[in-house]
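*Asks:* Here is my input, please return the structure:
(3 chains)
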Amino acid sequence: MKTFTVFVKKEFLHIFRDRRTMLILLVMPVVMIVLFGFAINTDVKDSRVVLLDHSQDELTGRIKEHLLASPYFTLAAEADEVSAVHRLFRENKADIAVVFGAHFTEELTRTGTAAVQVLTDGTEPNQASIRSSYVEAVLASCLPDLLPPGTAPAAYRIEPVVRMLYNPQSRSEFNFVPGVIGLILLLIGAMMTSIAIVKEKETGTLEVLLVSPLSPFVIVVAKLVPYFVLSCTNLMTILLLSTRLLHIPIAGSLAGLVGVTVLYILVALLLGLFISTCAESQLAAMLLSLLLIVPTVYLSGLAFPIGSMPVALQRASLVFPARWYVEAARKLMIQGVEMRYVAGECAILAGMAFALLCVSWKLFKTRL
Amino acid sequence: MKAKPVIIAQGLTKRFGTFTATDHISFHVDKGEIFGFLGANGAGKTTAMRMLCGLSRPTEGTATVAGFDVCREAEQVKRHIGYMSQKFALYDDLTVYENLRLFGGIYGMGGKAIREKAVFLLQELGLATERDTRVQALPLGWKQKLAFSLSIFHEPKIVFLDEPTGGVDPVTRRQFWELIYRAADRGITVFVTTHYMDEAEYCDRVSIMVDGQIEALDTPSALKRRFGADTMYDVFLRLARTARRT
Amino acid sequence: MNQPNYKLMIIRYLIEKEFKQLLRNPILLPVFLVLPVIMMTVLPRATTQEVKNLHVCIVDHDHSTWSARLVHKLSAFPFFSSTWAASSYREALHHMEAGRADFIIEIGPGFERELVAGRHSRLRIAVNAVNGVQAGLGSSYLMHLVADYAARLQAETEGTSGHGAAGIEVVSRCLYNAGLDYKAFMVPGLMAMLLTLIVGFLPALNIVGEKEKGTIEQINVTPVRRWEFILSKLVPYWCVGGFILAYSMLLARLAFGMVPAGSIGTIFLFATLFTLVVSSLGLMVSNYSDTTRQAALVMFFFLVIFILLGGLLTPVASMPSWAQTLTLANPLRYFIDAMRALYLKGSTLRDLFPLCRALAIYAVIVWTWAIVSYRKH
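*Replies:* Here you go, the predicted structure:
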């Protein structure tokens, strides 16, 4: 036991001595949480609107006033012709254009209906749809203002009463925080650990350790312990920041969340061990971990909903531990479900841990 | 009349914070000399050598190498010296010939000159068949000989060797020193640090550093006489015992 | 030896060496060939924020003709991939908590009766809003559908069909990406990210690798100048960058038929400037780091920030103003903006001049910095 603690201490020293690495590992989660909490969101606001008015009368003037008075729109320019609209789009100076035809007012007063054309910059499709739906909403709300009283017809109305569950204000950080945890723990577990082990391989010190009377198992565990502690520290930082700073409540059981996370940390560390048995150089270890981390970002539902992917990719996502963790963490943290609802995810993570342990243990023994 | 010395150091000092690695050392080395630079680990040999090569700036004192000031004209100095570090430092993912070509090129040799000289040199080293082998595949002794040949490939005035024979067998060391003699015969000044006292005997003159200062500097035979010792090994032990830093 | 010739030769030998090392590395070549394939053909399909394949659970307490028609209409809704029926809200909520439902639609017991009598009825919709975008867009689609259904019912009962309700009809046309294809949005952005990964990350590991091996000492005692050394390190990555960009443009064309609307020359101009910036940044990091691990981690840290604040995943315009100011220091932001505008909108160099100028200034600064921060002492 004493030799074990000596080894763990040595490992800690390696980490502490490298101040810069240490600093980044501790600061990274803070920066990511702050960025995700305060900077990154998908709200559509201040859309820059171009107005192209061929009617130029009192009525279109009032509609334009309504549009610009809404919090969603700011005026980019008043254009005279469509080519000017295109130019503004190409220069990235406008997001949406509202076009009133020459007979707009005449038609509206004569028949009670008239059309406006909305042109959107469709580069980002969701933003484009949301912007045009905002225009619709503004126009619909100002309609009673425009028509003479009594002309608005009564209609069958089915009023949808929408309730946003778990995240009533639709804050994007609710969705992102579990993903950030999943990513950072993977980074420390897989990348940092594998590089640390491979480095000892490169410098030959691993051989020195392995010929010592200690069992290889103890050596490997001692190597993993500091990274485990580091991971737990980061988990704590993230949870504290997200509850205190971002005011994201932990809706479910904290113990359950921590438990699942520890299981995930274990999987990440074992992944690191696995990579280190495959890689011969630090560069190789790094590239292999990147090959794991980059697809994880995209395929595990951290940022992009798995449900929107083609079926083949949905299947592919099944092999990424982060996918299961993020799902479980979201359920526990945001939705606040009971533990039994995440039993499946836990079982899969445990299975992955076991499989990785067996495979890397076998490789570790034969390769060294 | 003797020619001007190729290395002149005066009060050369390097401090790292409060620690004085090299403490006001002064000496000179003549052209064509094999100058042994001895000292225990941490005595300040490597620091002194790095200053002479223009790799590190002296805190105090001056030195000229090949007639150039190491502070103000470091880049000029570099043009006239060769250097072989204690860590094997050739590109091991390049072949033997590619390494020669790279360093020859860096020192401004033309393609034709490099090719001709490489043929001759590889012959001399007995490495002709390994011309296109990647350096990582060579045994250590060969790598070391290659590294030395490379450091004098561009015919520098002075070559600095930092513990060049670490970790190689006695036979290879012998061959290595033959290469050094051959270089010295061609007029290349050799500045070499070493741990091996038998190697110290091969040098024309030897300086011994203790705690950042030069404690003795003379020919091996004169040193042995002065300390009443039979071998350089004994000379070294006497001096090294006075050291406070280890 | 005459002097100018001599200088030119040095750089030639150094560049030759860098190329050999780059191409000889057993891992890098496969990475150059495979990574673009993954990023150009697989990731665009994965990185979609499109709202589709939603799961909906319907609780119909009314069991009337009109409610059944609504249920039918909902099941046919293209955004819903599966519809469940539940007998109570509790049961539906259970489905949601188990991850089997994103939407719960509850039709109250008096749905049809209320509509006939008071022409006004309510529909309760509960959304799993963990993913806010999906919840917001999904429910707005759903509201359209319900409004449509109400209009249909009215038209049927009153027998009026031609003349609808008074109002302003919005005819919406989406320019540059008519199919509202999310892939079209992601592909140019992913190209930018791919370049950043390859041309930013690898230089960061390069000098540090020479430091660890000790070969840099051997170079430092030679008369090689700082700029020569740095330039020889960068040139191979610029070539690789050019190759990677051309390769990924080809892949985008083969996989999705995407061809840039703007000029290819302008794309390469931007890519050259951007490559200059990120490769110099990589070398800067390398100069300041002592170990490979440190360099990799620092680079990773900056890349994460660049990507998050670069508008790759979420629009820059949605950020608060302090964050938008920060993005001005982010080279990736300019490049992503330019790539998207060039690929989708067909912008010209004149349209994008401010972006081009910003990148050029950036390039000059970091390139100088990379040279100055490389110490031979």
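
*Asks:* near chain A at all, the host helix or strand of residue C:15?
*Replies:* Secondary structure assignment for residue C:15, by DSSP states H and E: helix C:3-24. No. Contact between helix C:3-24 and chain A is absent, the nearest approach being 11.7 Å (criterion: Cβ under 8 Å from any Cβ of the partner chain). To be clear about C-beta, it is placed using only N, CA and C from the backbone, and glycine gets the same treatment.

*Asks:* ok and the residue in chain B nearest chain A?
*Replies:* Closest approach between chain B and chain A, counting by Cβ to the nearest Cβ: residue B:93, at 11.1 Å.

*Asks:* ok, now which ones touch that residue?
*Replies:* B:134-136, C:20-21, C:24-25 (Cβ atoms under 8 Å, 6 or more residues apart in numbering or on different chains).

*Asks:* of these, closest to residue A:25?
*Replies:* Distance to residue A:25 across the contacts of residue B:93 (Cβ to Cβ) is lowest for residue C:25, with 27.3 Å.

*Asks:* what's the neighbour count on the closest one?
*Replies:* 17 (other Cβ atoms under 10 Å in any protein chain shown).

*Asks:* Can you classify the closest residue to it other than its chain neighbours by secondary structure?
*Replies:* Spatial nearest neighbour of residue C:25, chain neighbours left out: residue B:93 (7.3 Å); criterion: Cβ to Cβ, 6 or more residues apart in numbering or on different chains. Secondary structure state of residue B:93, per DSSP: H, G, I helix; E, B strand; the rest coil, is coil.

*Asks:* Got phi/psi on residue B:93?
*Replies:* Note on residue B:93: backbone dihedrals following degrees, to the nearest 10 are phi -100, psi 10.

*Asks:* Check the gap between it and residue A:291 for me.
*Replies:* 22 Å (Cβ to Cβ, to the nearest Å).

*Asks:* Run through the residues of the stretch 1-150 of chain C sitting next to chain B.
*Replies:* C:1, C:6, C:9-10, C:12-14, C:16-17, C:20-21, C:24-25.

*Asks:* Check which element follows the helix or strand harbouring residue C:72 along the chain.
*Replies:* Secondary structure assignment for residue C:72, by DSSP H and E: helix C:65-75. Tracing the chain C-terminally past helix C:65-75 and defining elements by DSSP H and E, one meets strand C:80-86 next.

*Asks:* who does that next one touch, helix- and strand-wise?
*Replies:* strand C:54-60, helix C:65-75, helix C:89-97 (3 or more Cβ pairs under 8 Å, 6 or more residues apart in numbering or on different chains; DSSP states H and E).

*Asks:* Residue 237 - how many residues pack around it?
*Replies:* Let's take chain A. Residue A:237 has 17 nearby residues by other Cβ under 10 Å.

*Asks:* my question was about chain B
*Replies:* Residue B:237 has 13 nearby residues by other Cβ under 10 Å.

*Asks:* tell me the contacts of the closest residue to chain C within chain B?
*Replies:* Per Cβ to the nearest Cβ, the residue of chain B with the smallest distance to chain C is residue B:105, at 2.8 Å. Counting by Cβ under 8 Å, 6+ apart, residue B:105 makes contact with B:114, C:9-10, C:12-14, C:16.

*Asks:* name the element it belongs to?
*Replies:* helix B:96-106.

*Asks:* what's the answer for residue B:28, then?
*Replies:* Counting by DSSP H and E, residue B:28 is part of strand B:19-29.

*Asks:* Identify the residues contacting that strand?
*Replies:* B:5-15, B:35, B:44, B:47-48, B:51, B:60-61, B:158, B:189, B:191, B:205, B:207, B:209, B:211-214, B:217.

*Asks:* and stretch C:117-130, anywhere near chain A?
*Replies:* Yes. Looking at stretch C:117-130 against chain A by Cβ under 8 Å from any Cβ, the contacts come from C:119-130.

*Asks:* got the buried residues for that stretch?
*Replies:* C:119, C:121-130 (16 or more other Cβ atoms under 10 Å in any protein chain shown).

*Asks:* Among those residues, which ones are in strands?
*Replies:* Among the buried residues of stretch C:117-130, the residues falling in strands (DSSP state E) are C:121-128.

*Asks:* low-scoring stretches of chain A, by residue?
*Replies:* A:1-2, A:146-157, A:212-213, A:365-368 (pLDDT under 70).

*Asks:* so how far is chain B from residue C:360?
*Replies:* Distance of residue C:360 to chain B, given as Cβ to the nearest Cβ, to the nearest Å: 31 Å.

*Asks:* give the contact list for that residue.
*Replies:* residue C:273.

*Asks:* Could you say which helix or strand holds it?
*Replies:* Going by DSSP H and E, residue C:360 is in helix C:353-373.

*Asks:* Any idea how far that helix is from the middle of the chain?
*Replies:* 24 Å (Cα atoms, centre = their mean, to the nearest Å).

*Asks:* so what's the backbone phi/psi at residue 100?
*Replies:* Since no chain was named, I'll use chain A. Residue A:100 adopts backbone torsions of phi -100, psi 130, taken as degrees, to the nearest 10.

*Asks:* was after chain C, sorry
*Replies:* Torsion angles, degrees, to the nearest 10, at residue C:100: phi -100, psi 0.

*Asks:* Not counting its neighbours along the chain, what's nearest it?
*Replies:* Residue C:100's closest residue in space is residue C:55 (Cβ to Cβ, 6+ apart), at 6.0 Å.

*Asks:* what pLDDT does that neighbour get?
*Replies:* What the model reports as pLDDT for residue C:55 is 87.

*Asks:* next one: stretch C:235-252 to chain centre, how far?
*Replies:* With Cα atoms, centre = their mean, you get 18 Å for stretch C:235-252.

*Asks:* Identify each buried residue in it, please.
*Replies:* Neighbour-count burial for stretch C:235-252 [16+ other Cβ under 10 Å]: C:235-238, C:240-242, C:244-245, C:247-249, C:251-252.

*Asks:* re earlier: now flag whichever of the residues of the stretch 1-150 of chain C next to chain B is closest to chain A.
*Replies:* Using Cβ to the nearest Cβ, the residues of the stretch 1-150 of chain C next to chain B come closest to chain A at residue C:25, 7.9 Å.

*Asks:* Roughly how far does that closest one sit from residue A:281?
*Replies:* 10 Å.

*Asks:* just residue A:78 next, same as before
*Replies:* 62 Å.
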